[in-house]
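K.L.:
I'd like to go over a predicted model; first the sequence, then the structure.
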Amino acid sequence: MRTIIFIAKRLVYSVFVLIGLSILIFTIARVMPGHPARMALGSRAPDWAVERLREEMHLNESLYVQYYYWAKDALHGDFGVSLVTRRGVANDIREFFPASLELTLYAGIFMGIMGIILGTISGWYNNTWIDNLVRIISYIGIVTPSFVFAIFFVLIFGYVLEIFPTMGRLTPGVVHPPLITKMITFDALITGHFAVFFDALKHLFLPAVSLAMGGMAQEARITRSALTDNVNKDYIASERSCGIPERTIMFKYLLKPSFIPTISIYGLDFASLLGNAFLIELIFNWPGLSRYGMNAMLRKDLNAMTAVILVFGLVFIIVNIIVDLIVGYLDPRIRLGAERTQ
Amino acid sequence: MAKPLLEIKDMYVWFKVFGGILKVLDGVNFIVYPGEKVGLVGEMGCGKTTTMKAIMRILPMPPAVIPRGEILFKGQDILKMKQVKLQHLRKKEISMIFQDPTAALNPVFTIGTQLQDTIRFAEKSGKNTEKEGIRTRAIQVLKEVSLPDPERVLQNYPLQLSGGMRQRVCISMALVSTNELLIADEPGTSLDVTIKDQILRLLKELAEKRNTSIILISHALGAVRGMTDRLYVMYAGSMVEVAKTKELFAHPLHPYSQGLLAATPRLTGGGIGEGIDGRIPEYINPPTGCRFHPRCKQAMPICKDKKPPFFKVGKDHEVACFLFQNHR
């Protein structure tokens, strides 16, 4: 019950956040210099055509009126027409988002699991060569941009070892399973096309790993420092002095409090994966939303840009609600503290 | 006299840190007899807690190292014990109550989880099969430390309890895993005075009922006075004086003990004494010889060169000070 109230509250807040975000991004998009109509039609289009498009897009109206028109349509699920693809933005998002989401999900899973495992090993074997190795890896992971990893991996695994494909979502010729979620691995699993599933997974591997490297390094560092911090806490000494076996202390009493900061940071890292995916999608020729959004921005495709950013905002909000739920579950200080202030 | 229950012989503990080696414990000698209540007093930072953590083998190693010394518990050296033996010692024989009950309880587990795990490993086979029995026992232990509404306390997280209640929970956990020796490291220091008093009374009562030995650490002399039979005074990593508590309060001999006692406020008037100038020395380059000599008004040339051993000055009274080397 408490959880349901919490979620409901957060969803109500989210609505306001989204409204705020939409106003902000709408304004920024409109005040940026440039001529959207002209860019959409090209430099050789006659002036009257440009003027008509401006009229159609309400670009001659004041900002408030423009927002009113946009919001009215948006509430009906219509985010306008992309100036570049000439199709409904909502359609475009439905087409491109699943690819990005799939990539991000796998990157997020890899990031979380590997980050926590590396961090835990590093924390347990504090100040040994294993720990030093993990720390070096995490520093490299943090300072190296994901596209560098991507290019490196493509070179090693794609061209030298030739064990992973480096382009697209499926090997050409493999039939896409029926569209349900539009995320190929899930569609393949649901419909039982396991060969397709593995093919898609292979295609996902390199982009997901390169995308996840930075966050993974971050997770590992946070987990490690929480562990090395907590292991010297009085409560661990106290549990030891009560004769609780080392294994129980390590896996139960030490891990739970140490994962709390990791998971808080994980939420932020996960949400930023979507935005960071742009270069990865470009390098691996991945038909995703990040790339679509970046193109929209470069070409002043107002409607597409606004909608993409709203989608990212929505993902960010959902991820953070989930993270807060997990952290609240793990940490009574937060769960009960929040209750007290209510 | 009876055989000692616990005997620390000439123990050294160093901490290897970035700036050098902290030579914290410098030849600690310490004895507890069965059923005895022993006090240990000294300034903050003199090594009281370090000594006790060494007994439980919960010093973080590294950075701590124990280059010399032994800790004999019933004749066996704790420092050389194998893991299984050590685990048995912690489960059944020795337990420690920490200074700050808030820090000593895991914040993300309920009292029930923590207490029941302690019971499960200390008294039962460690398997999870006897849930009901363990729960009954947990409630019983909480009642023993006079906690009201134990069923609810079991479901609470540490942050839902008051400081005094947390301290009682800590005591209950220590009681479960102790038959022989209870180390109480400044219990109740972080609590207000009346609660602290209650906690001390409770400890004394429980120890007497079960005939458990207690080591009571404190930097407040008043607390140890009524609680203990024998009293050690510690300064900068070693014991400087030991005597029956009454005797030590009546006739402190070591200049440091005298200063320490004089610095205690008394209800009977006289106000606070002068105290001792200076502070505990740094441990990277501690003073040679007797570590107290730079602060000692009666220092002699020999104090600088040699560390004083214990000199016997009475039946149970020993002082580590060259002023008393020719006593008797």
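P.N.:
The structure has been received and is ready for your questions.
K.L.:
contacts, neighbours, all on C-alpha from now
P.N.:
OK.
K.L.:
where do the helices sit along the stretch 1-150 of chain A?
P.N.:
In the stretch 1-150 of chain A, the helices defined using DSSP state H, counting those that start in this stretch lie at A:2-31, A:36-41, A:47-56, A:63-75, A:89-124, A:129-143, A:146-153.
K.L.:
does any part of the fifth one sit near chain B?
P.N.:
So that's helix A:89-124. No. When contact is scored as CA under 8 Å from any CA of the partner chain, no part of helix A:89-124 falls within range of chain B; the minimum is 13.2 Å.
K.L.:
list the buried ones in that helix?
P.N.:
Residues of helix A:89-124 classed as buried: A:89-90, A:92-93, A:96-112, A:114-124 (neighbour count, 16 or more other CA atoms under 10 Å in any protein chain shown).
K.L.:
among the helices of the stretch 1-150 of chain A, which comes closest to B:I183?
P.N.:
B:I183 lies closest to helix A:89-124 among those, at 28.3 Å (CA to CA).
K.L.:
what helices or strands is the closest one leaning on?
P.N.:
Counting contacts by 3 or more CA pairs under 8 Å, 6 or more residues apart in numbering or on different chains; DSSP states H and E, the secondary-structure elements packed against helix A:89-124 are helix A:129-143, helix A:194-230, helix A:255-283, helix A:289-298, helix A:302-330.
K.L.:
gap between it and the chain center?
P.N.:
Chain-centre distance of helix A:89-124: 7 Å, with CA atoms, centre = their mean, to the nearest Å.
K.L.:
which parts of the stretch 201-342 of chain A sit against chain B?
P.N.:
Within reach of chain B by CA under 8 Å from any CA, the stretch 201-342 of chain A has these residues: A:232-245, A:253, A:256-257, A:330-333.
K.L.:
coming back round to it: make CSV from the helices of the stretch 1-150 of chain A and add distance to A:M183 to it.
P.N.:
Formatted as CSV, the entries for the helices of the stretch 1-150 of chain A read as follows, by distance: least, CA to CA, whole Å:
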stretch, distance to A:M183
helix A:2-31, 25
helix A:36-41, 31
helix A:47-56, 35
helix A:63-75, 25
helix A:89-124, 5
helix A:129-143, 28
helix A:146-153, 21
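K.L.:
and those helices, which one is worst for confidence?
P.N.:
Here the lowest mean pLDDT among the helices of the stretch 1-150 of chain A goes to helix A:36-41, at a mean of 74.
K.L.:
pull the distance from it to the chain's centre.
P.N.:
In terms of CA atoms, centre = their mean, the gap separating the centre of helix A:36-41 from the centre of its chain is 31 Å.
K.L.:
contacts for it, please.
P.N.:
By CA atoms under 8 Å, 6 or more residues apart in numbering or on different chains, the surrounding residues in contact with helix A:36-41 are A:45, A:50-51, A:53-54, A:83-84, A:299-302.
K.L.:
flag every residue of chain B that's near chain A.
P.N.:
So chain B meets chain A at B:56, B:58, B:60, B:87-92, B:94-98, B:103-109, B:117-118, B:121-122, B:157, B:159, B:173-174, B:177 (CA under 8 Å from any CA).
K.L.:
just to revisit the earlier point, any idea which of the helices and strands packed on helix A:89-124 is most buried?
P.N.:
helix A:194-230 (a mean of 23; mean count of other CA atoms under 10 Å in any protein chain shown).
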